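Colleague: need a 3D model of the following:
(4 chains, ligands or ions: 4)
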Number of protein chains: 2
Amino acid sequence: MSPGVAGGTGGAELSASGQTYLKTVYGLGEWDTEAVTTGALAAKLGVSPASATAMVRKLVERGLLDHPPYGAVSLTSTGRARALGVVRRHRLLETFLVRELGYGWDQVHEEAARLEHTVSDLFVERLDRLLGHPAADPHGDPIPDAAGHLRLPAAVRLDRAPAGPAVVVRVSDANAETLRACSAAGLLPGATLDAGAHPLTAAQSAAVWVEPQETLR
Amino acid sequence: MSPGVAGGTGGAELSASGQTYLKTVYGLGEWDTEAVTTGALAAKLGVSPASATAMVRKLVERGLLDHPPYGAVSLTSTGRARALGVVRRHRLLETFLVRELGYGWDQVHEEAARLEHTVSDLFVERLDRLLGHPAADPHGDPIPDAAGHLRLPAAVRLDRAPAGPAVVVRVSDANAETLRACSAAGLLPGATLDAGAHPLTAAQSAAVWVEPQETLR
DNA sequence: CAGGAGTTTTAGGCATGGCTAAATATGGCA
DNA sequence: TGCCATATTTAGCCATGCCTAAAACTCCTG
Ligand SMILES: [Mn+2]
Ligand SMILES: [Mn+2]
Ligand SMILES: [Mn+2]
Ligand SMILES: [Mn+2]
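Modeller: Ligands and ions are numbered 1, 2, ... in the order given. Next up is the predicted model:
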């Protein structure tokens, strides 16, 4: 019996685990800029450092990652394309779950993380059409188009933002508790923060990305 | 990293393969009544007889199947409940793919067979609501309710049906080619066959189940 | 009612993707 | 500049779910 993984676009079959590693390498560098090490991957994925090293080696052999020994992991251009395909699936699925199935934005991440490896290309393109080609997911993360293009808003983390008015651009969906705190505080993408005041903890405010607004003069 | 399988209702986790075996044991006995042997399972699933024997043994140990040595495989009551849960997921997913995503009825089976192991209980119940609690999938197969109840229409295979008018009740979705031949011939569930005439091959007509109509006198 | 064809189970492997424990490399600090 | 804490890789295992080949069983046929 074949494993329950849909092929995705281009290249040879890639396991669900392989897809998750690529997506995670991309995700760790999307908003923040810190070196992606095998240790960081292991921590994010909840596997041992040894397991991350082993999988990274396989993905290097397949030409999807670069990895100087003891150095930082990075995507090759084909690896980046594959990663963006997984990201596209993930974010379209999250959008579907919220808009069509009535999920809360704090309920979608895990479901999408499973489905992203299972739906076919046809499914994804039909979903995209049904949803009207959305530009961002419920958390404000941009959805790559079918060709893998996306533009990332210039934004700063709320805990490092200058005082003054700002617009919420994105909230990380990594922690459901944080998402609930944000919606309770009205901090949804598009919301305006008047003076930078909010009731979030320091850790929670590190999950919120805002675009500071020039003050009118 | 955990395997991409959603738990489903009740009992300990069951792998996607395990779920497929249970579903297949159920399916082989749903419309036809032939003994389900490890060999029949192997043939249906495209695995070796040895593999089927091994998996059946595991499912017997978990209390989901009965299997006298060299005898027929059958579902225990808890095995049947688990199987019906998988069948419910499969058929609701097929209905969704046709009704909401515009798939053809010959395109849905494989996609649903992957997704049925990945969607959560919440997803399934939301889908059921979205679709208005459908009673049958696009092929006429009944959809068990959340409690695992379903009623099977009394029907006979078209190649064994008496001459005379009949209503198409169900077409097996096992073969996409057959489904295309049936829709080309207008043999969709609910269609009326006037005198039993149709352009199907013998093998194809064995996939169609009809309810003979009493003639008016 | 014995033989044998066909079916089923057992035995022994393999690939994948995890794990722990041990070895090795790095890089900051004394 | 050398040492050591920390990070990373290597080595050796394990579980799952497949495989092929061989052994064992069933049951039809002559
Ligand atoms: Mn997400
Ligand atoms: Mn998201
Ligand atoms: Mn089907
Ligand atoms: Mn069906």
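Colleague: contact residues of chain A facing ligand 2?
Modeller: Neighbours of ligand 2 within chain A, by CB under 5 Å from the ion: A:Glu94, A:Asp137, A:His139, A:Asp141, A:Asp173. In this view, the C-beta of every residue, glycine as well, is placed from N, C-alpha and C.
Colleague: taking those residues one by one, which sit in helices?
Modeller: Within the residues of chain A next to ligand 2, residues falling in helices by DSSP state H are A:Glu94.
Colleague: looking at the residues of chain A next to ligand 2, which is nearest ligand 1?
Modeller: The closest of the residues of chain A next to ligand 2 to ligand 1 turns out to be A:Asp173 (CB to the ion; 4.2 Å).
Colleague: tell me which helix or strand the residue sitting nearest the centre point of chain A sits in.
Modeller: The residue lying closest to the centre of chain A (CA atoms, centre = their mean) is A:Gly27, at 5.1 Å. If you go by DSSP states H and E, A:Gly27 is part of helix A:16-30.
Colleague: wait, does that helix contact DNA strand D?
Modeller: No - contact between helix A:16-30 and DNA strand D is absent, the nearest approach being 12.3 Å (criterion: CB under 7 Å from any atom of the strand).
Colleague: for that helix, which positions count as buried?
Modeller: Neighbour-count burial for helix A:16-30 flags A:16-29 (criterion: 16 or more other CB atoms under 10 Å in any protein chain shown).
Colleague: of those residues, which fall within the contact range of chain B?
Modeller: Checking these against chain B by CB under 8 Å from any CB of the partner chain, the ones in range are A:Ala16, A:Ser17, A:Thr20.
Colleague: wait, which of those residues is closest to B:Pro189?
Modeller: Nearest to B:Pro189 among those: A:Ala16, at 35.0 Å, using CB to CB.
Colleague: hmm, the closest one is touching A:Ala6, no?
Modeller: No - contact status for A:Ala16 versus A:Ala6: not in contact, 9.5 Å apart, counting by CB atoms under 8 Å.
Colleague: overlap of the contact sets of these two?
Modeller: A:His117 (CB atoms under 8 Å, 6 or more residues apart in numbering or on different chains).
Colleague: show me where pLDDT drops low in chain A?
Modeller: A:215-217 (pLDDT under 70).
Colleague: which residues touch the residue nearest to the residue nearest to the centre of chain A when sequence neighbours are not counted?
Modeller: Leaving aside its sequence neighbours, A:Gly27 sits nearest to A:Val87 (CB to CB, 6 or more residues apart in numbering or on different chains; 7.4 Å). Going by CB under 8 Å, 6+ apart, A:Val87 touches A:Lys23, A:Tyr26, A:Gly27, A:Ile143, A:Pro144.
Colleague: residues contacting the residue lying closest to A:Gly8 once chain neighbours are set aside?
Modeller: Distances taken as CB to CB, 6+ apart place A:Gly85 nearest to A:Gly8, at 5.5 Å, with adjacent residues excluded. By CB under 8 Å, 6+ apart, the contact set of A:Gly85 is A:Gly8, A:Thr9, A:Gly10, A:Pro144, A:Gly148.
Colleague: relative to A:Tyr26, how far out is A:Gly85?
Modeller: 10 Å (CB to CB, to the nearest Å).
Colleague: next one: A:Gly79
Modeller: Taken as CB to CB, the span from A:Gly79 to A:Tyr26 is 9 Å.
Colleague: contacts only, for the closest residue to A:Ala202 other than its chain neighbours.
Modeller: Leaving aside its chain neighbours, A:Ala202 sits nearest to A:Asp159 (6.0 Å; criterion: CB to CB, 6+ apart). By CB under 8 Å, 6+ apart, the residues touching A:Asp159 are A:Ala202, A:Ser205, A:Ala206.
Colleague: A:Glu34: which of the residues you listed is nearest?
Modeller: A:Ala206 (12.9 Å).
Colleague: and the gap between the closest one and B:His109?
Modeller: 46 Å.
Colleague: of those two, who's got more company?
Modeller: Per other CB atoms under 10 Å in any protein chain shown, whichever of A:Ala206 and B:His109 has more neighbours is B:His109, with 22 against 16.
Colleague: the more buried one and B:Thr178 touch, don't they?
Modeller: No - applying CB under 8 Å as the test, B:His109 and B:Thr178 come out as separate, 11.4 Å apart.
Colleague: what parts of chain A come near DNA strand D?
Modeller: Chain A comes close to DNA strand D at residues A:1, A:37-40, A:49-50, A:52-54, A:56-57, A:67, A:69-71, as judged by CB under 7 Å from any atom of the strand.
Colleague: derive a PyMOL selection command for the buried subset of those.
Modeller: Filtering the residues of chain A next to DNA strand D down to the buried ones (16+ other CB under 10 Å) takes a single PyMOL command:
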select buried, chain A and resi 37+38+40+52+53+56+67
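Colleague: what about the residues of chain A next to DNA strand D, which are in helices?
Modeller: Those of these lying in helices (DSSP H): A:Thr38, A:Gly39, A:Ala40, A:Pro49, A:Ala50, A:Ala52, A:Thr53, A:Ala54, A:Val56, A:Arg57.
Colleague: just send the residues you listed back as TSV, with distance to chain B too.
Modeller: Shown next, in TSV, are those (distance: CB to the nearest CB, whole Å):
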residue	distance to chain B
A:Thr38	14
A:Gly39	16
A:Ala40	15
A:Pro49	14
A:Ala50	13
A:Ala52	10
A:Thr53	14
A:Ala54	12
A:Val56	14
A:Arg57	16
